[in-house]
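A.B. asks: Okay, here's the prediction I keep looking at, along with the sequence it came from:
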Amino acid sequence: MSPSSEVADGGGTAQEQAPLRVVVATSNRHKVEEIRAELAFTGWEFVAATDLGEWPEPEETGETFEANARIKALAARQLYGLPALADDSGLEVDALDGEPGVNSRYYAGPCATDAENNARLLLALGDTPRVRREARFRSVIVLVREDDSEVVAEGVCEGRIGNEPRGEHGFGYDPLFWLAATPGRTMAELSIAEKNAISHRGAALRALRESLERS
Ligand code: ITT
């Protein structure tokens with residue numbers, strides 16, 4: 001099934017021509033926007049789980065990004081009966097032995113805000129010199145299709161943790177993340193299109209695209 005085969009049949013009924021609905025198993029609006037932008041080529045309609053009704057966020061008990069992405073995708077697939085896509089992602093800081101990793105969202109506590117997580121990260125790094133502040137974002141995406149088959153894709157984005165937040169866009173650790181690919185800018189200084197072009201999630205979504213085009 002190619003990405004657009006569900007919508008490419010001419011001459012069918014209106015129902016047959018409706019785009020395939022895919023639920024995005026997230027409560028993070030920024031992720032939905034990034035996913036819609038990068039996967040527009042599919043012609044699919046990406047609906048946030050939170051827009052379909054109650055989205056009781058499943059507990060992310062996995063020890064890896066892939067395990068957690070699968071937990072979220074399968075929960076949404078079961079709840080809504082639609083194909084489901086989930087991203088699990090986070091920041092790995094070399095000087096902190098890969099932390100916060102899968103705990104990125106709750107680094108500063110179970111109700112932590114992005115600002116609190118960023119503050120904890122700066123505290124943890126203290127006066128660690130610039131050359132030892134290397135880090136990467138990692139994203140793993142799991143798509144569970146209509147026939148319950150899975151497509152898994154991964155992407156990384158290399159950079160360095162700064163000493164203070166800079167930039168207004170994005171979310172999470174973006175304002176602290178100085179990009180290796182575009183020196184002198186943080187991830188929070190990029191538009192969605194610019195971010196997708198170099199980000200971990202953009203890379204994972206492009207890998208997903210390649211898998212879909214092969215299948
Ligand atoms: P869902 O689980 O509902 O998808 P979430 O934000 O909780 O949304 P994760 O469990 O995957 O997502 O946690 C990812 C955390 O990692 C997120 O809260 C940020 O702190 C960080 N993170 C992931 N991608 C990021 C990005 O593109 N920019 C900045 N921080 C990011």
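C.D. replies: Looks like it came in fine.
A.B. asks: So which residues of this structure form helices?
C.D. replies: Ranges of helices in the chain, per DSSP state H, are 5-8, 14-17, 29-38, 65-80, 114-125, 192-198, 200-214.
A.B. asks: Deepest in the core, which of these is it.
C.D. replies: Most buried of the helices of the chain, by mean neighbour count (mean count of other C-beta atoms under 10 Å): helix 65-80, with a mean of 21. C-beta coordinates here come from the backbone N, C-alpha and C atoms, glycine included.
A.B. asks: from the middle of its chain, how far away would that one be?
C.D. replies: 13 Å (C-alpha atoms, centre = their mean, to the nearest Å).
A.B. asks: Would you mind getting the angle between that helix and helix 200-214?
C.D. replies: Orientation check (axes from the mean of the first three to the mean of the last three C-alpha atoms, to 10 degrees): helix 65-80 against helix 200-214 gives 70 degrees.
A.B. asks: Any chance of JSON lines for the helices of the chain, columns mean pLDDT and distance to Thr182?
C.D. replies: What follows is the helices of the chain, written out as JSON lines (pLDDT from 0 to 100; distance: least, C-beta to C-beta, whole Å):
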{"stretch": "helix 5-8", "mean pLDDT": "41", "distance to Thr182": "35"}
{"stretch": "helix 14-17", "mean pLDDT": "60", "distance to Thr182": "41"}
{"stretch": "helix 29-38", "mean pLDDT": "92", "distance to Thr182": "17"}
{"stretch": "helix 65-80", "mean pLDDT": "98", "distance to Thr182": "24"}
{"stretch": "helix 114-125", "mean pLDDT": "98", "distance to Thr182": "20"}
{"stretch": "helix 192-198", "mean pLDDT": "92", "distance to Thr182": "7"}
{"stretch": "helix 200-214", "mean pLDDT": "94", "distance to Thr182": "13"}
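A.B. asks: Would you mind saying which of those helices lies nearest Gly101?
C.D. replies: Proximity to Gly101 (C-beta to C-beta) singles out helix 65-80 among the helices of the chain, at 8.3 Å.
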